[in-house]
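Peer 1: here is a sequence together with a model predicted from it:
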Amino acid sequence: MRRSDPLIVGGGPAGSAAAITLGAAGARPVLLEKQRETGDALCGGFLSWRTLETLDRLGIEALGGHPIDRLRIFAGHMTGEARLPRIAMGVSRRRLDTLLLARAEALGTGIERGVTVREWHDGCVETGDGAALRPETLFLASGKHDIRGLGRPRPDPETQTLGIRVRLLPHPGLAKLVGGAIELHLFDQGYCGVELQEGGRGNLCLAVRKARLSQSDGDPDRLLTEWAAESPAFADRLAFRESGSGAIGAVPYGWIARETLRGIFRLGDQAAVIPSLSGEGIGIALASGIMAGRGWLADETPLAYQERLARAATRPVGIARFLWHWGERPNAARLLAQGVRFAPWLAGRFAEWTRISH
């Protein structure tokens, strides 16, 4: 007996990759996306060489992003730089998500925008407009936003991590500072990633412990000012800041789903949350979408898929957690920067080890 096609919640890279995989095989899933227009998600603008290969296999062309060929680390006044194993790219989430959704739609996915999924219970999906849906199979790809009834574990309040993003204006001065690098600026209880994207615009994403932000009265602007006072290099980049910022809270970095409920495939950040300093969040999102789509097509159970994805994510997430915990300690952060400076080959190995295989 033919199964009904899956319902996909979330139109980010994970949901779109699943839709493309299903559509290419003749399925016709329905995808619900809460935003009426594709926005620019908080973080996730770095595409590794492995991710670029995955996007090519999904039929995504003409990304038009900013090429990135090196890693640069700042810790206090220590700086280290190393070549990446292969060319990567900085691309805004608005552009990436637009291309992925267009590809999914071209392959037959029904995309319904402006639909917010509020809750799941007893196999029923409830939307913000009061509709109740009972899909046979649900692909949960809602990113960092949890759905009531399917939420991920909450981090310990004492160690919660918050994400903050600001934009940097395109400028020759910024282009000269950052160039073709993905930068990591390491601080006590936090770090910041900086890269250029299409058009020369800069993306600056922070991950900071809630306890550290509380020391700045919970004010992201004050935190940025304090970090700029600690690091001249960070201050130089922050000088190109656009007004405004975005934030998300309680990011469960390091969590991996090893079980699931009947009929539910968990994708992307709803399945494995890798610390963002690895630059592999998009890679895991795409890999999970492809693996889930292939699993459903092969009549694999959601639990078998979830276990398979967990095995694939364990090493990259574990190594990224190790680097994260060391990087937010000032003395250890300086050692990391020194290691990159004097043994650049080691940075390349860590960059490879934090990629997911699928």
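Peer 2: That came through fine. Fair warning: this is a prediction, and the values are worked out from it, not measured in the lab.
Peer 1: now Phe322: which helix or strand?
Peer 2: helix 302-327 (DSSP states H and E).
Peer 1: report the buried residues of that helix.
Peer 2: By neighbour count on 16 or more other Cβ atoms under 10 Å, the buried set for helix 302-327 is 302, 305-306, 309-310, 312-313, 316-317, 319-321, 323-324, 327. Where C-beta positions appear, they are placed from N, C-alpha and C, glycine not excepted.
Peer 1: go through those residues and name the one nearest Ala211.
Peer 2: Trp324 (15.3 Å; Cβ to Cβ).
Peer 1: average pLDDT across the helix holding Phe322?
Peer 2: The pLDDT scores in helix 302-327 average 96.
Peer 1: from the contact counts, what lies against it?
Peer 2: Where contact means 3 or more Cβ pairs under 8 Å, 6 or more residues apart in numbering; DSSP states H and E, helix 302-327 is packed against strand 264-266, helix 281-297, helix 330-342, helix 344-353.
Peer 1: tabulate the ones you listed (JSON lines), appending distance to Ile111.
Peer 2: Output for those, formatted as JSON lines (distance: least, Cβ to Cβ, whole Å):
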{"stretch": "strand 264-266", "distance to Ile111": "18"}
{"stretch": "helix 281-297", "distance to Ile111": "15"}
{"stretch": "helix 330-342", "distance to Ile111": "42"}
{"stretch": "helix 344-353", "distance to Ile111": "34"}
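Peer 1: turn those into TSV, including distance to Leu7 and mean pLDDT.
Peer 2: Converted to TSV, the helices and strands packed on helix 302-327 look like this (distance: least, Cβ to Cβ, whole Å; pLDDT from 0 to 100):
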stretch	distance to Leu7	mean pLDDT
strand 264-266	10	98
helix 281-297	12	98
helix 330-342	43	92
helix 344-353	35	92
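Peer 1: so for Lys176, which of these sits nearest?
Peer 2: helix 330-342 (20.8 Å).
Peer 1: using CSV, write out every CA atom in the closest one.
Peer 2: Extracted in CSV, the C-alpha atoms of helix 330-342 (Å, rounded to 0.1, in the frame of the first residue of the first chain):
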residue,chain,number,x,y,z
PRO,A,330,41.6,32.5,27.7
ASN,A,331,44.8,30.5,28.4
ALA,A,332,43.7,27.6,26.3
ALA,A,333,42.4,29.9,23.5
ARG,A,334,45.9,31.4,23.2
LEU,A,335,47.3,27.9,23.0
LEU,A,336,44.9,27.1,20.2
ALA,A,337,45.9,30.2,18.3
GLN,A,338,49.6,29.3,18.8
GLY,A,339,48.9,25.8,17.6
VAL,A,340,47.3,27.1,14.4
ARG,A,341,50.2,29.5,13.9
PHE,A,342,53.0,27.1,14.4
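Peer 1: just the angle between it and helix 302-327, please?
Peer 2: Angle of helix 330-342 versus helix 302-327, following axes from the mean of the first three to the mean of the last three Cα atoms, to 10 degrees, is 100 degrees.
Peer 1: relative to Gly45, how far out is the residue minimising distance to the centre of the chain?
Peer 2: By Cα atoms, centre = their mean, the mean C-alpha position of the chain lies nearest to Gly281, the distance being 3.3 Å. Distance, Gly281 to Gly45, by Cβ to Cβ, to the nearest Å: 10 Å.
Peer 1: perfect, I'm done here.
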